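Q: give me coordinates for this.
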Amino acid sequence: MSEPHTGHARSGHARVPYDTVGEGRGELFVHAGVADRRMWDPQFAEVPDGFRFVRIDLRGYGSCELGVTSFSNHDDAIAVLDHLHIDEAVVVGCSIGGGVAMDVALAAPDRVAGLVLIGTKSPGYEVEPYEPPQWPDLVEAFEAGDFTRVAELDAEIWVVGHGRTIDDVNRQVFDLVVEMDRGPTSIETRRVELTVPIHPPRAKRMDEVFERTLVVVGEHDLPDIKESAAHLAETLSHHELVVIPGAAHLPPLENPLEFNRILFGFLRGFLQP
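A: Okay, here's the model as predicted:
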């Protein structure tokens, strides 16, 4: 496998950071809202032959500055594809990254061969919301400006998940999520204010998404996420939801062996004539 390369793509006033590794068909990875592009480390360490993996930091995450001007995440993602001369890619997104992946497919359908949506809600699908027990403490910590505590509680919600305890999870994964999440939580309000959603909204345009799709969720993700993801799988992939055991909201980090097996098998299907 070739050595990874790090660079930046210009998108409006921003320089969007990316890593790329491997040679062959380009595939784009978009991280979750409690992470940055480091969440894909286990995938970038095992790139299959024939593929070129690309991962980005969304604005306000990792090493991507938020800036002061409005932006659209899907425009930034497309700008990276343009910069790297990738005409078509499978876009792999986790949580809010899955929403970005769908927006890329809506904004530039000719650039998207397929979608992998992990822990992603089905746009427009109403489900009874589940409030995790950490939520009141998280709100209190956020209002107090204790963003380290916010990140710790986020990790309890999204890494520990539903139906298990912190003793059941990989502590290194837990600590990495706290590290990745601490900075973005401190600028969350401003990031939301600057983010321009796709228009018309994706909830009204799901019939425009025709790309081959794989929908994945962790066994211990929150109940409302799992129900919504199941609806998304039925809507877009017409296949059952793929459940990754031993994982909550971040299967690529929590159970990379099983996730990679599923992901790489799906991607290889695009190499068939």
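Q: make it CA atoms for all contacts and neighbour counts henceforth
A: Fine.
Q: I'd say Asp221 and Trp158 touch.
A: Yes - the criterion here is CA atoms under 8 Å, and Asp221 meets it with Trp158 at 7.0 Å.
Q: shared neighbours of the two, which are they?
A: 248-249 (CA atoms under 8 Å, 6 or more residues apart in numbering).
Q: out of these two, which sits in the busier spot?
A: Asp221 (26 against 20; other CA atoms under 10 Å).
Q: ok, the more buried one - contacts?
A: With contacts defined as CA under 8 Å, 6+ apart, Asp221 is in contact with 119, 158, 161-162, 247-249.
Q: of those residues, closest to Leu267?
A: Gly119 (18.4 Å; CA to CA).
Q: the closest one is in contact with His231, isn't it?
A: No - counting by CA under 8 Å, Gly119 does not reach His231; the two are 11.8 Å apart.
Q: those two: who's more crowded?
A: Using other CA under 10 Å, the more surrounded residue of Gly119 and His231 is Gly119, with 28 against 21.
Q: Ala247 versus that one, what's the distance?
A: Using CA to CA, to the nearest Å, Gly119 is found at 11 Å from Ala247.
Q: okay, and the common contacts of the two?
A: What both Gly119 and Ala247 touch, as defined by CA under 8 Å, 6+ apart, is the set 218, 221.
Q: quick revisit: please identify which pair of the contacts of Asp221 lies farthest apart.
A: Going by CA to CA, the pair spanning the contacts of Asp221 furthest: Gly119 and His162, at 13.3 Å.
Q: surely Ala141 is within a helix?
A: Yes - using DSSP: H, G, I helix; E, B strand; the rest coil, the secondary structure at Ala141 is a helix.
Q: which residue is the nearest non-sequential neighbour of it?
A: Closest residue to Ala141 apart from its sequence neighbours, by CA to CA, 6 or more residues apart in numbering: Val150 at 5.8 Å.
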